[in-house]
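A.B. asks: The sequence and its predicted three-dimensional model are supplied below.
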Amino acid sequence: MTNVPLPKLRDDIIIEYFSEEGNDFVAYSDENGVAPQPVVIPRVVGDFVQLLDGKLSIEDIRKSCAQIMGEGFDSGSLESVIMQLEARGFMDSARTRIALEHINQYLHSNQRPTICHGTSYPEDVQELKKYLDEILSAQKLEALPKTGSVLAPHIDFRIGEEAHKCYSLAFEHLDREADLAIIFGTSHNRVSADFMLTKKHYISPLGELETDLELIAELEKELGDELHFDDLAHRTEHSIEFHALLLQYIFAGKIKILPILTGGMSEYLASGEPPKSDSKFMNFIKSLKSIIEESGKKVILLASGDLAHIGRRFGDDFDAESQFDKLSKEDTLLVKMLESADGEAFFKALSQNKNYRNICGLAPFYSVLSLLDLDSHNSVKSSYGLWNDKETLSAVSFVSVAFEKV
């Protein structure tokens with residue numbers, strides 16, 4: 001097998017060279033979405049990877065290494081890197097070409113297919129409806145008024161009761177007269193702008209949930225080139241999918257959505273300057289708010305985000321359970337800010353500690369709170385949950401906050 005030709009590096013990936021602490025590196029990234037995460041390797045290894053032309057084998061690479069670097073050079077690490085690059089989709093292999101074809105088909109379609117069916121929720125329609133009924137009835141709050149805006153999690157349905165209670169609070173009491181839901185969701189894998197839209201309709205086992213193309217057209221008139229679309233970001237992102245599915249079931253398809261993925265606000269956190277100080281960020285918020293008001297549509301606002309991500313799985317050097325008391329105190333303060341619809345205080349709190357607990361709900365929560373008219377909304381109720389993932393010594397906290405439109 002060592003004489004079998006290796007695939008060459010793809011022609012369409014982005015290659016960037018840089019130095020850090022006296023060492024030279026090369027970074028590979030893929031704007032086409034086959035490889036969702038970039039890869040960084042030592043420059044010397046990258047130089048050998050560049051030699052691959054689709055004809056050279058591992059044995060050929062070994063010989064080249066010996067000739068250029070000397071017999072003492074360990075080619076094993078190079079071979080490992082090549083195999084990893086191929087597995088992650090950076091090499092021009094048959095598997096990668098198939099993946100690129102699937103992406104091309106998606107980009108030319110007007111639909112965004114479901115990705116979580118059969119795992120996070122049942123694919124069978126009857127089983128799915130029963131499952132969603134169980135989630136929506138997890139918290140009995142008959143006296144709760146109809147709500148018009150919610151901050152809600154996107155934690156996996158499968159973690160059970162605590163998540164179901166948060167989803168129940170957020171979705172069971174939404175105003176059923178609404179005809180448009182604007183969903184701001186965390187983009188976990190791909191960030192190309194603060195706000196990333198799509199014109200594709202969301203698909204689930206329940207059918208198609210339409211994206212409001214008329215509203216998008218108005219945004220295009222208002223914002224022009226400032227309006228940013230990123231279909232690839234939506235393709236593999238679950239944060240909006242969970243909310244869209246619940247809306248589709250609750251409203252029996254009689255509602256449209258405006259799906260907006262949000263960036264992680266890393267630049268704002270680094271500078272300490274809130275998003276409201278950025279003219280482009282606020283231009284989008286103000287334009288969207290104005291278009292909503294002029295449309296005459298009955299709109300509900302949804303933010304899809306979780307709170308803390310701590311423990312070994314998320315790169316911490318401690319077990320999550322050892323921090324639960326501290327986590328509870330910090331989350332309590334943050335939830336109070338969200339209940340008060342105080343997005344600025346929420347941002348400031350996370351900015352001061354550089355969001356060291358990886359709260360992925362910052363951008364969607366801040367965006368929805370920026371759109372809320374505080375004179376016409378009251379905080380109704382909140383529901384907090386914590387997933388203790390004992391297998392990975394990690395934890396994720398999450399919350400729902402419902403706002404009544406008065």
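C.D. replies: Perfect, thanks for sending it.
A.B. asks: and the worst-scoring helix or strand of the chain on mean pLDDT, how far out from the chain's middle?
C.D. replies: Sorting the helices and strands of the chain by mean pLDDT, DSSP states H and E puts helix 58-69 at the bottom, at a mean of 74. Taking CA atoms, centre = their mean, to the nearest Å, one finds the center of helix 58-69 at 42 Å from the center of the full chain.
A.B. asks: residues of the helix or strand just after it that come out buried?
C.D. replies: Following helix 58-69 in sequence order, the next helix or strand is helix 76-87 (DSSP states H and E). Going by neighbour count (16 or more other CB atoms under 10 Å), the buried part of helix 76-87 is 78, 79, 81, 82, 85, 86. The way it works is simple: take the backbone N, C-alpha and C, and place the C-beta from them, glycine included.
A.B. asks: What is the neighbour count of the residue lying closest to residue 51 once chain neighbours are set aside?
C.D. replies: Leaving aside its chain neighbours, residue 51 sits nearest to residue 64 (6.4 Å; criterion: CB to CB, 6 or more residues apart in numbering). For residue 64, the neighbour count with other CB atoms under 10 Å is 16.
A.B. asks: Does residue 64 touch residue 48 like I think?
C.D. replies: Yes. Residue 64 is within contact range of residue 48, at 6.8 Å (criterion: CB atoms under 8 Å).
A.B. asks: ok so, going back, contacts only, for the residue nearest to residue 51.
C.D. replies: 48, 51, 56 (CB atoms under 8 Å, 6 or more residues apart in numbering).
A.B. asks: can you check residue 16 too?
C.D. replies: Neighbours of residue 16 in contact, by CB under 8 Å, 6+ apart: 26, 27, 29.
A.B. asks: what's the answer for residue 300, then?
C.D. replies: Counting by CB under 8 Å, 6+ apart, the residues that residue 300 touches are 147, 148, 149, 150, 174, 175, 178, 180, 181, 182.
A.B. asks: Only the buried subset of those, as a ChimeraX command please.
C.D. replies: In ChimeraX, a selection of the buried entries from these looks like this (16+ other CB under 10 Å):
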select :147,148,149,150,174,178,180,181,182
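A.B. asks: quick one: which of the contacts of residue 300 is nearest to residue 341?
C.D. replies: When the contacts of residue 300 are compared for distance to residue 341 (CB to CB), residue 149 wins out at 9.0 Å.
A.B. asks: What strand or helix carries residue 287?
C.D. replies: With DSSP H and E as the test, residue 287 turns up in helix 279-295.
A.B. asks: Would you mind listing the buried residues in that helix?
C.D. replies: 281, 284, 285, 287, 288, 291, 292.
A.B. asks: Direction included, what does the next helix or strand after it pair up with?
C.D. replies: Downstream of helix 279-295, the first helix or strand assigned by DSSP H and E is strand 299-304. Here strand 299-304 is paired, per DSSP bridges, with strand 149-152 (parallel), strand 180-186 (parallel).
A.B. asks: What is whatever helix or strand comes next after the last one packed up against?
C.D. replies: Toward the C-terminal end, the helix or strand that comes next after strand 180-186 (DSSP H and E) is strand 195-197. Identification of packing neighbours for strand 195-197 by 3 or more CB pairs under 8 Å, 6 or more residues apart in numbering; DSSP states H and E yields strand 256-262.
A.B. asks: what residues does the strand it packs on touch?
C.D. replies: Strand 256-262 has contacts (CB under 8 Å, 6+ apart) with 179-187, 194-198, 202, 209-212, 215-216, 230, 233-234, 237, 239-240, 244, 247, 363-364, 367.
A.B. asks: Check which residues of the least confident helix or strand of the chain are buried.
C.D. replies: 58, 60, 61, 62, 64, 65.
A.B. asks: Spit out the contact partners of the spatially most central residue of the chain.
C.D. replies: Among the residues of the chain, the one closest to the centroid is residue 187, at 2.4 Å (CA atoms, centre = their mean). Taking CB under 8 Å, 6+ apart, we find residue 187 in contact with 196, 233, 237, 239, 261, 262, 263, 264.
A.B. asks: So residue 216: helix, strand or coil?
C.D. replies: helix (DSSP: H, G, I helix; E, B strand; the rest coil).
A.B. asks: which among the contacts of residue 64 end up buried?
C.D. replies: In the contacts of residue 64, the ones that pass as buried (16+ other CB under 10 Å) are 48, 56.
A.B. asks: Of the contacts of residue 64, just say which sits nearest to residue 159.
C.D. replies: For the contacts of residue 64, the nearest to residue 159 is residue 48 (44.1 Å; CB to CB).
A.B. asks: I'd say the closest one and residue 60 touch.
C.D. replies: No. Counting by CB under 8 Å, residue 48 does not reach residue 60; the two are 10.7 Å apart.
A.B. asks: Same list, the strands paired with strand 299-304, but as CSV with mean pLDDT please.
C.D. replies: Output for the strands paired with strand 299-304, formatted as CSV (pLDDT from 0 to 100):
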stretch, mean pLDDT
strand 149-152, 95
strand 180-186, 97
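A.B. asks: mind putting these in CSV, distance to residue 373 included?
C.D. replies: Shown next, in CSV, are the strands paired with strand 299-304 (distance: least, CB to CB, whole Å):
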stretch, distance to residue 373
strand 149-152, 10
strand 180-186, 14
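A.B. asks: Helix or strand next in line after the one helix or strand residue 203 maps to, which one?
C.D. replies: Element membership of residue 203 [criterion: DSSP H and E] is strand 201-204. With elements assigned by DSSP H and E, the helix or strand that comes after strand 201-204 is strand 207-209.
A.B. asks: That next one pairs with which strands, and in what direction?
C.D. replies: Strand 207-209 has these strand partners (DSSP bridges): strand 201-204 (antiparallel).
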